[in-house]
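Student: Generate a structure from the sequence data that follows.
(one chain, ligands or ions: 1)
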Amino acid sequence: MEDSYRHKGMRRQLLKIIREKGIKDERVLAAIGKIPRHFFFENALVEHAYQDKAFPIGEGQTISQPYTVAFQSELLQIKPGDKVLEIGTGSGYQAIVLLELGADVYTIEYQKKLYEYTRFFLPDMGYNAHFFQGDGSLGLPKHAPYDKIIVTAGAPTVPDALIDQLKVNGCLVIPVGNAKTQQMLRLTRLEGNKLRKEVFHDFKFVPLLGADGWKQ
Ligand code: SAM
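Tutor: Now for the predicted structure:
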């Protein structure tokens, strides 16, 4: 698939939309402006790639809405070299945004088929992350601690394991709520096992499954 002037033009329009919705971080905007989101879509569906909408990717899952990806990425305040754990690899689009921001990305996906697809698709696009399959509601203790953790599925509560796997001054960005709507939270781990909690507006995610997520 090519990345034509037309696609680039559609991406500029998308950037305009997410700027108007309040995204200010120029590095995040540059990453979204660079990544050909239509590469994640079948030919017949390419028109949908630059709408500010989530879209089905199979296995009942979605590629997140660009505004949501930008919002979570902005909250993470990624510094080059940050070790970041992403729960919910899905299409891999969010992982690429994190890579563009200079993060060393560890990403875990629950659905085997999505994991198998994305772990080859991203390197084909020239992006390398560390891919894992399993239950990310328990984090990825083997490679902890992390500077930042992002959860891209809606959780019923904040899993303790994710807080435990953060470095001091590290933060977790996670949508928490019921099946219909979730509030975006940023939890920063401070010295002496203290937590700072910040609450942002509501989003709608597919459910976080697994031991510390929603039971199937
Ligand atoms: N970051 C993804 C992207 O850019 O396409 C978003 C994908 S979707 C909104 C959320 C993903 O979380 C789905 O692929 C789903 O299978 C995955 N998921 C749900 N529960 C999970 C869990 N316990 N561990 C890992 N992944 C999980």
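
Student: Start and end of stretch 75-86, how far apart?
Tutor: This stretch, stretch 75-86, spans 14 Å end to end (C-alpha to C-alpha, to the nearest Å).

Student: Use 257 as the first number from now on
Tutor: Fine by me, first position is 257 from now on; the one you just mentioned is stretch 331-342.

Student: Tell me the buried residues in it?
Tutor: Of all the residues in stretch 331-342, those buried under the rule 16 or more other C-beta atoms under 10 Å are 331, 332, 333, 334, 338, 339, 340, 341, 342. Heads up, the C-betas are built off the backbone N, CA and C, glycines and all.

Student: hey, what's the last one bridged with?
Tutor: It refers to residue 342. Beta-bridge pairing for residue 342 (DSSP bridges): residue 363, residue 406.

Student: residues in contact with it?
Tutor: Each residue near residue 342 by C-beta atoms under 8 Å, 6 or more residues apart in numbering is listed here: 350, 351, 354, 361, 362, 363, 364, 405, 406, 408.

Student: if I look at the fifth one, how far off is the ligand?
Tutor: Spatial separation of residue 362 from the ligand under the definition C-beta to the nearest ligand atom, to the nearest Å is 12 Å.

Student: same question, the second one
Tutor: In this structure, residue 351 lies at 7 Å from the ligand, with C-beta to the nearest ligand atom as the measure.

Student: re earlier: from the buried residues of stretch 331-342, which land in helices?
Tutor: When the buried residues of stretch 331-342 are checked against helices (DSSP state H), the matches are 331, 332.

Student: Tell me the one among the buried residues of stretch 331-342 nearest to residue 451.
Tutor: residue 331 (15.4 Å; C-beta to C-beta).

Student: Could you measure from that closest one over to residue 272?
Tutor: Counting by C-beta to C-beta, to the nearest Å, the gap between residue 331 and residue 272 amounts to 21 Å.

Student: coming back round to it: the contacts of residue 342 into a markdown table, with extra columns for pLDDT?
Tutor: Output for these, formatted as a markdown table (pLDDT from 0 to 100):
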| residue | pLDDT |
| --- | --- |
| 350 | 98 |
| 351 | 98 |
| 354 | 98 |
| 361 | 98 |
| 362 | 98 |
| 363 | 98 |
| 364 | 98 |
| 405 | 99 |
| 406 | 98 |
| 408 | 97 |
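
Student: Surely residue 314 and residue 369 touch.
Tutor: Yes - assessed by C-beta atoms under 8 Å, residue 314 is found in contact with residue 369 at 6.9 Å.

Student: which one's the longest helix in this structure?
Tutor: Across the chain, the longest stretch assigned as helix under DSSP H is helix 261-276.

Student: helices or strands up against the worst-scoring helix or strand of the chain on mean pLDDT?
Tutor: Sorting the helices and strands of the chain by mean pLDDT, DSSP states H and E puts strand 311-314 at the bottom, at a mean of 86. When contacts are defined as 3 or more C-beta pairs under 8 Å, 6 or more residues apart in numbering; DSSP states H and E, strand 311-314 packs onto strand 317-319, helix 368-380.

Student: and the ligand, which of these is closest to it?
Tutor: Closest to the ligand of the helices and strands packed on strand 311-314, according to C-beta to the nearest ligand atom: strand 317-319, at 3.8 Å.

Student: which residues touch that closest one?
Tutor: For strand 317-319, using C-beta under 8 Å, 6+ apart, the contacting residues are 293, 296, 310, 311, 312, 313, 346, 347, 349, 367, 370, 462.
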